[in-house]
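Colleague: sequence and predicted structure below; questions after.
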Amino acid sequence: MDSAPHQQPTLALTEPEQAPRLTVSLNGWKKLSAKVANWPSNAIAITIKREPDGSDRPCVFRWNPASAPLILRLLSNNGEMQEAPVTAPTPQGPTLEHDYPLGPFSANSKDTIELWPVAETAIYATLPERYGPLLDVGGLYEVVLAWGGCDIAHWAWGTTLDHLVQGQDLLALEPLATRIPLTLTVSPGARFSFTALTPHWRPELAHQNKAPRPPLIDPSARLPGAPVLTITLSVDDGKITGREWDVELKLMTKVTYHGVLGNPTPGPIIFFANAITIYESHFLLDRRRGKASWERCQPVFPCGVGVYPIDVPRGFTHAHPSSFVSLHPGESWEATMEACDGDPWEFPPDVAIGDIFRLQHRGCVVGWWNWGGSEDLAAALTSFPSINQTLVAYPKDIEGRPKLVVPASDAIELVYEEQD
């Protein structure tokens, strides 16, 4: 995806002038029915990507895709694309972003989007019904994102959980006078072309669009003075097994602490280990059959925004005490996960014996770490605010310590076999 037209300067995380850099792109299916009513719900994808902006913090904002209209263009007799001769109706439906009323709103609002660094999210759509009569079998058409971008006032650093109204299932993203607007910039060439097939044509699941594979974090991203961690993946028996529609694999993630970059006498560390095992965001699974190219298996994210009212102190994030680990140089921590179809990936519906699957951790930034051994970990957990019987709240501020960047793992390849 193309970057925004101008490069924002990299600023310190504490400077209020900084804002996330977001770009919007458009893509869609290359073949679609000539009957719009038969289009799949994800025929058109409006993708919002968080570009590198010098911050490792998540951001949350409110935006309604109704403010980004789609226009159909037809291939004319002279071979040029021309806008379809349809008069657009008076805009109706959800309120545009700049007209949102002030005040808290539902935490389950579909207009609320949370993005971590270099992450992206897709909003799916189809064409308005008014374009249906213009589609002819065999015709070539183009869909254009007819929108110039916008500034968003309702945004903030942090997660949806950070901005919950205490005791209520509501979010508060009040625009601040000292906060610059968050700009959504449309990528150049936000359009895609498709061929109209017979009105009765319905696509197979295997031909659905796949989101692009996110980039890997390189070891060069490590910072001096920060711990050096590596990730190693392994799967029981080195294969993926299945029976009928059920696909299974047992994945082990091993995190090893090697030392500190630039420090020949490193000490023990404690860190929030579960930041590494966010399977839907950090683990990549691809499938290949024969000499075909790799096909990404889509992650399956929880429904809604996945937040709930909870009393989390300002500047803290909640976690289970078991999510924190202490390691000395040379030691490792391991986590095991049993995956199946739909959790955490959607396996191809046509998976067959002999298919090759590629599994890789893309790397991540650990949100909290400190120096210390097991006794220091116990003391830290005792000092964290207790939310309830199963959760504590750990500080997001790491007191000037360098970010703990964990680079991508090596990829492993697995063969699919049928269970006996």
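Modeller: Everything's here; your move. Here the structure is a predicted model, which is why all the values come from computation and not from measurement.
Colleague: and residue 198, how many neighbours?
Modeller: The number of residues packed near residue 198 is 12, by other CB atoms under 10 Å. C-beta coordinates here come from the backbone N, C-alpha and C atoms, glycine included.
Colleague: for residue 148, same thing?
Modeller: Around residue 148 there are 9 other residues, counting by other CB under 10 Å.
Colleague: looks like it contacts residue 185 (just checking).
Modeller: No - taking contacts as CB atoms under 8 Å, residue 148 lies outside contact range of residue 185: 9.2 Å.
Colleague: excluding its backbone neighbours, what's nearest residue 58?
Modeller: Leaving aside its chain neighbours, residue 58 sits nearest to residue 116 (4.6 Å; criterion: CB to CB, 6 or more residues apart in numbering).
Colleague: contact partners for the one you found?
Modeller: Neighbouring residues of residue 116 by CB atoms under 8 Å, 6 or more residues apart in numbering: 50, 58, 281.
Colleague: got the CA coordinates for the lengthiest strand in the chain in CSV?
Modeller: When the chain is parsed with DSSP state E, its longest strand is strand 246-260. Provided in CSV are the C-alpha atoms of strand 246-260 (Å, rounded to 0.1, in the frame of the first residue of the first chain):
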residue,chain,number,x,y,z
ASP,A,246,-11.7,-30.4,11.1
VAL,A,247,-8.0,-29.3,10.9
GLU,A,248,-5.7,-29.4,13.9
LEU,A,249,-2.1,-28.6,14.8
LYS,A,250,-0.3,-28.3,18.2
LEU,A,251,2.0,-25.3,18.1
MET,A,252,4.8,-24.7,20.6
THR,A,253,6.4,-21.2,20.9
LYS,A,254,9.8,-21.0,22.5
VAL,A,255,11.2,-17.6,23.6
THR,A,256,14.9,-17.5,24.5
TYR,A,257,16.7,-14.7,26.3
HIS,A,258,20.3,-14.4,24.9
GLY,A,259,21.5,-11.3,26.7
VAL,A,260,21.5,-7.5,26.3
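Colleague: how far off centre is it?
Modeller: For strand 246-260, the gap between its own C-alpha mean and the chain's C-alpha mean amounts to 21 Å (CA atoms, centre = their mean, to the nearest Å).
Colleague: helix or strand for residue 142, which one?
Modeller: Using DSSP states H and E, residue 142 sits in strand 140-145.
Colleague: same question but for residue 378, I mixed them up
Modeller: Applying DSSP H and E, one finds residue 378 within helix 374-383.
Colleague: repeat that for residue 414.
Modeller: Taking DSSP H and E as the criterion, residue 414 maps to strand 412-418.
Colleague: partner strands of that strand, with direction?
Modeller: Sheet pairing here is set by DSSP bridges, and for strand 412-418 it gives strand 239-243 (parallel), strand 356-361 (antiparallel).
Colleague: I'd like the next helix or strand past the last one.
Modeller: Yep, that's strand 356-361 we're talking about. Helices and strands here follow DSSP H and E; after strand 356-361, the next one along the chain is strand 364-366.
Colleague: who are the packing partners of the helix or strand following that following strand?
Modeller: Following strand 364-366 in sequence order, the next helix or strand is strand 369-371 (DSSP H and E). Judged by 3 or more CB pairs under 8 Å, 6 or more residues apart in numbering; DSSP states H and E, strand 369-371 is in contact with strand 269-272.
Colleague: next, count neighbours for residue 379.
Modeller: 11.
Colleague: can you pull the pLDDT of it?
Modeller: Residue 379 is assigned a predicted lDDT (pLDDT) of 92.
Colleague: what does residue 203 give?
Modeller: 55.
Colleague: tell me how many other residues crowd residue 240.
Modeller: 25.
Colleague: one step back: buried set for the strand holding residue 414?
Modeller: With burial defined by 16 or more other CB atoms under 10 Å, the residues of strand 412-418 counted as buried are 414, 416.
Colleague: could you give the mean pLDDT of it?
Modeller: 89.
Colleague: gap between it and the chain center?
Modeller: Centroid separation for strand 412-418 versus its chain: 26 Å, with CA atoms, centre = their mean.
Colleague: contacts for that strand, please.
Modeller: Contacts with strand 412-418, where a contact means CB under 8 Å, 6+ apart, come from 233-235, 238-243, 247, 249, 351-360.
Colleague: and the nearest residue to residue 198 once chain neighbours are set aside, what pLDDT?
Modeller: Nearest in space to residue 198, with sequence neighbours left out and distances taken as CB to CB, 6+ apart, is residue 137 at 5.7 Å. Looking at residue 137, its pLDDT stands at 83.
Colleague: most tightly surrounded among the strands paired with strand 412-418?
Modeller: strand 356-361 (a mean of 20; mean count of other CB atoms under 10 Å).
Colleague: which outside residues touch it?
Modeller: Here strand 356-361 has contacts from 216, 231, 233, 235, 240, 251, 253, 276, 282-289, 294, 297, 408-416, using CB under 8 Å, 6+ apart.
Colleague: PyMOL command for the buried members of those residues?
Modeller: To isolate the buried ones among the contacts of strand 356-361 in PyMOL, judged by 16+ other CB under 10 Å, type:
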select buried, resi 231+233+235+240+251+253+276+282+283+284+285+286+287+297+408+409+414+416
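Colleague: any idea how many residues pack against residue 260?
Modeller: A count of nearby residues for residue 260, using other CB under 10 Å, gives 19.
Colleague: gap between it and residue 401?
Modeller: Distance from residue 260 to residue 401, counting by CB to CB, to the nearest Å: 11 Å.
Colleague: any idea how far residue 267 lies from residue 329?
Modeller: 8 Å.
Colleague: okay, the two: which has more neighbours?
Modeller: Taking other CB under 10 Å, residue 267 and residue 329 do not tie; residue 329 has more neighbours (16 against 13).
Colleague: and the helix or strand hosting residue 82, average pLDDT?
Modeller: Here residue 82 sits within strand 81-83, counting by DSSP H and E. Strand 81-83 carries an average pLDDT of 74.
Colleague: list the contacts of that strand.
Modeller: 71-76, 142.
Colleague: if we go to 6 Å?
Modeller: Identification of contacts with strand 81-83 by CB atoms under 6 Å, 6 or more residues apart in numbering yields 73-76, 142.
Colleague: show me the domain layout of the chain.
Modeller: 21-207, 219-418 (automatic domain parsing).
Colleague: which SS class is residue 47?
Modeller: strand (DSSP: H, G, I helix; E, B strand; the rest coil).
Colleague: give the buried residues for the strand holding residue 142.
Modeller: 141-145.
Colleague: now stretch 353-373
Modeller: Buried-residue list, stretch 353-373, by 16+ other CB under 10 Å: 355-370, 372.
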